[in-house]
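*Asks:* task: produce atomic coordinates for the following.
(chains A and B)
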Amino acid sequence: MTNDSFNPMEPCLGRVVSLKELGNEIKLFSVELLNGGSQNFLDYQPGQFAFLSAFGIGEAPFGIASTTERGHMLDFAVQRLGSVTTGLHELGDGDIIGVRGPLGNCFPMESFKGKNLIVLGGGIGGAPLRPVIQTVLDHRQDYGDLTILWAARHPSLLVFTDEYDEWRSAPDTQLHLTVDNPDDRWDHHTGLITDLLERVSPSPENAVTITCGPPIMIHFVNKLLVEKLGFASDQNYVTLEARMHCGVGKCGRCNLGDKLVCVDGPVFTMQEVGGLLESFL
Amino acid sequence: MSSRMIPGTTPTVISKNSLIQWLDQIASQMRLIAPRDIDGNILYRQVGNAAEITWDYTRPVLSIKDVFFPPTEVLFTIEKIGNEVNIRETSPEGEQVLFGVRPCDAHGLQALDALFIATQPIDPYYMRRRENTTLVGLACPEMGATCFCTTMGGAPDDPRHMDLMLHAIEDVYLLEVVTEKGAFLLARYPLVIEPGIQPNTYIRPEITTERLAYPALDSWPEQFNQLYWEEIAERCLSCRACAYVCPTCRCFDVRDEIQSEQGDNKVYERIRCWDSCAGEAYRRIAGGHNPRAAKGERLRNRFYCKYYYFPQQYGPAACTGCGRCIDVCPAGVDITEILQFMAGIAMVEKQAQVEVGRV
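*Replies:* Take a look at the predicted model:
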């Protein structure tokens, strides 16, 4: 692709190869890229995102929920919330969607090597964390302990439940679950992820945390980590969500002060976020 | 008032008659866009010949932004037949000449160029229109009541950012060739030169509005003054007219619209349209969270963007001092008032730092 003909707004075509109910109003799309579009996605990294098009409605950004190491399919967890996600939910196996990316920066997995990782996912915010978990599991000896704290408002909103066994059975890996509003069958922790985090109380020694979830959750998780558990804010990584229309630093939608979530992020340390002129909250 | 010789060029004097012939010739060969009086509003619009051009204007209601970055444009046509999808990029328009451009509007392209061309990845739609368009400027006869171009580094007769520049001297024009692109246009469409007035009789337009102080990039307040923005926001109606008329506001939205539908054969257009950070939904994310839910926060973003964020991200300030947003605001929000307030805050902060011995 020469620079002359490159159009950053042009999606490539992808076929929905499998569609799985991941939770209430949440579907996991596995997408196969067509017409050589996979060339763009040869070495995407955990934390990057892409725009998905529901043709006729528009496009929206989603964290990529897969890794290159586990095959050529791209996974996206889509919760039905707005017009584009509703359009995507109406599609079926074999349907054609648009995929534009990969975009944004990524988690510095290389610098996480040898460290203990605490991964905190809230609801659909678990989607961009799945590649982090999978990368650690696929290179288990390169990383220290992996502690996963997985939360949702309700059990039906917990994502990747059928992968819990794989996570739990990996060496030096723990999975802790919590929901705000349990149902009758719930036999794990009940309460906010911050309650669970305080109970698990991970050590800040040689550790990093990686959080994705609603802005308010990110805020209180970081507060707890720093004020009670002794983490420094540069040990706490987050991936932020913002409304975007281009993903390449042009449309202006995703600014946080003088930073753009699309090109300066979506991955930041809380130290960087704290230094921004404007709050993400 | 001062007179000047234009350095590095040999200014040429042309009569209005030959200018009109030249424009007629251009209009017969390609698209000519020039100020036109449309129901009392002066707008840069396509003209069929020079007679359709209005010469009596201070600045058009809208800037030249829409020539390069239209309010709505089709990025792609998406054809969907059954489960087969074809995406076709919109083909570029032909060559065009933009005549009668005011210096503040050409200056606005500096910010748009920095964003769409100088920052990777290049926006192909904007770049093609930039490449296909030759700018012929016409110096302002005078500064308007709300103009503050000199504050933003411009001037009513500033030839920078133009390809050719004209200055009216009574009923003739002084021509400056600014770029090679301008010279190329002249080579293809020669202007009849008439000897007569000497260039040094040219008198610069008077600078009638005061140059305002505004904070340098490194002295912008480190914290937002929330009360101030809340107070300004009491006036703001979130109508977004300021962004619409602005030569540099460029935020956009992208969505699909249906063009035609016949059974299983559907044609959609992926359109890009202007948007503004003053709108309530601008930062709202799916699920309802809005980090800029208050009007004052959104208004603050607009001004910080113009003079602080945009220059940090892309280089130039996103304001040319055209003053259109002042004219168009139904609630009397005045950008120069805000600039002066910010300058005041910056000064107070600096003073405080001096007093505690930090500087």
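*Asks:* pLDDT score for B:I78?
*Replies:* For B:I78, the pLDDT comes out at 97.
*Asks:* hang on, isn't it packed against B:V267?
*Replies:* Yes: here B:I78 lies in contact with B:V267, judged by C-beta atoms under 8 Å, at a distance of 7.2 Å. C-beta coordinates here come from the backbone N, C-alpha and C atoms, glycine included.
*Asks:* higher neighbour count, these two?
*Replies:* Set B:I78 next to B:V267 and count neighbours by other C-beta atoms under 10 Å in any protein chain shown: B:I78 wins out with 23 against 17.
*Asks:* quick check: phi and psi at the more buried one.
*Replies:* The phi/psi pair for B:I78 (degrees, to the nearest 10) reads phi -110, psi 120.
*Asks:* any idea how far it is from A:R100?
*Replies:* According to C-beta to C-beta, to the nearest Å, B:I78 and A:R100 sit 13 Å apart.
*Asks:* hmm, who's touching the strand or helix carrying B:A168?
*Replies:* Using DSSP states H and E, B:A168 maps to strand B:164-169. Contacts to strand B:164-169, defined as C-beta atoms under 8 Å, 6 or more residues apart in numbering or on different chains, come from residues B:13, B:19, B:134-139, B:141, B:157, B:159, B:173-178, B:182, B:185-186, B:197, B:201-203.
*Asks:* angles on the backbone of B:D37, please.
*Replies:* Dihedral angles (degrees, to the nearest 10) for B:D37: phi -90, psi 110.
*Asks:* oh sorry, the question was meant for B:V97
*Replies:* Residue torsions, per degrees, to the nearest 10, at B:V97 are phi -120, psi 130.
*Asks:* now it, which residues is it bridged with?
*Replies:* Here B:V97 sits in beta bridges with B:L32, B:T134, going by DSSP bridges.
*Asks:* check it and give its pLDDT.
*Replies:* 98.
*Asks:* now swap in the one 5 residues further on and tell me
*Replies:* Looking at B:R102, its pLDDT reads 97.
*Asks:* I'd assumed B:P141 was in contact with it.
*Replies:* No: in this structure, B:R102 is not within contact of B:P141 by C-beta under 8 Å, at 10.5 Å.
*Asks:* run through the strands of the stretch 101-250 of chain A in chain order.
*Replies:* A:116-122, A:146-152, A:173-179, A:189-190, A:207-212, A:236-239 (DSSP state E, counting those that start in this stretch).
*Asks:* what parts of the stretch 151-281 of chain A come near chain B?
*Replies:* Residues of the stretch 151-281 of chain A lying near chain B by C-beta under 8 Å from any C-beta of the partner chain: A:214-216, A:241-243, A:245-246, A:248-253, A:255-258, A:260, A:277-281.
*Asks:* excluding chain neighbours, give the residue nearest to the residue nearest in space to the middle of chain A in space.
*Replies:* Nearest to the mean C-alpha position of chain A, by C-alpha atoms, centre = their mean, lies A:P128 at 1.5 Å. Of all residues not flanking A:P128 in the chain, A:G63 sits nearest, at 3.0 Å (C-beta to C-beta, 6 or more residues apart in numbering or on different chains).
*Asks:* give the contact list for that neighbour.
*Replies:* Here A:G63 is in contact with A:G47, A:Q48, A:F49, A:F76, A:A77, A:A127, A:P128, A:C212, A:T239, A:P266 (C-beta under 8 Å, 6+ apart).
*Asks:* cool, A:M244 as well?
*Replies:* With C-beta under 8 Å, 6+ apart, A:M244 has these contacts: A:P61, A:C251, A:R253, A:C254, A:V261, A:C262.
*Asks:* any idea which of the residues you listed is closest to B:D334?
*Replies:* Comparing these against B:D334 with C-beta to C-beta places A:R253 closest, at 26.5 Å.
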